[in-house]
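Peer 1: Next one to model:
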Amino acid sequence: MPNEPDSDLGGAAQDETAYLESLIREDFERCHPGETLEDLKRRASFSREDRGLLRDWMAIAVSRAAAERAKRSDFNSAA
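Peer 2: Numbering: from 1, shown residues only. Sure, this is the predicted structure:
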């Protein structure tokens, strides 16, 4: 099966990435005035330091997403 960008799996991965980025975008831009998360993502393709910085920020996003999902799960189980 060919790997098409518009496939369901690709779309789901893009949706998850967009969601994770939304969890950190404001904080990243507050911590790095004059820069955007898009700037960092662009530089990460050729800079080891920026790749590491993006990895660290995405780890924060994954942690925040897990906390939100756990909170929703706790809320649903209490109902």
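Peer 1: show me what contacts R25?
Peer 2: 36-37 (Cβ atoms under 8 Å, 6 or more residues apart in numbering). For every residue, glycine as well, the C-beta is placed using N, CA and C.
Peer 1: which SS state does it fall under?
Peer 2: helix (DSSP: H, G, I helix; E, B strand; the rest coil).
Peer 1: now for the strand or helix carrying A65, which elements pack on it?
Peer 2: Element membership of A65, judged by DSSP states H and E, is helix 48-78. Applying 3 or more Cβ pairs under 8 Å, 6 or more residues apart in numbering; DSSP states H and E, we find helix 48-78 packed against helix 8-31, helix 37-44.
Peer 1: To D50, which of those helices lies closest?
Peer 2: Each of these has some distance to D50 by Cβ to Cβ; the shortest is helix 37-44, at 4.2 Å.
Peer 1: can you list the residues that contact the closest one?
Peer 2: 21, 24-25, 28-29, 32, 50-51, 53-54, 57.
Peer 1: Pipe those into CSV and attach pLDDT per row.
Peer 2: Listed next are the contacts of helix 37-44 as CSV, based on pLDDT from 0 to 100:
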residue, pLDDT
E21, 97
I24, 98
R25, 97
F28, 98
E29, 97
H32, 97
D50, 98
R51, 98
L53, 98
L54, 98
W57, 98
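Peer 1: among those residues, which ones are buried?
Peer 2: 21, 24, 28, 50, 53-54, 57 (16 or more other Cβ atoms under 10 Å).
Peer 1: and the gap between R69 and V62?
Peer 2: For R69, the distance to V62 equals 11 Å [Cβ to Cβ, to the nearest Å].
Peer 1: tell me which residues of stretch 60-70 are tucked away?
Peer 2: 61, 65.
Peer 1: Now tell me what touches it from outside.
Peer 2: Outside stretch 60-70, the residues touching it (Cβ under 8 Å, 6+ apart) are 19-21, 23-24, 27.
Peer 1: Thanks a lot, catch you later.
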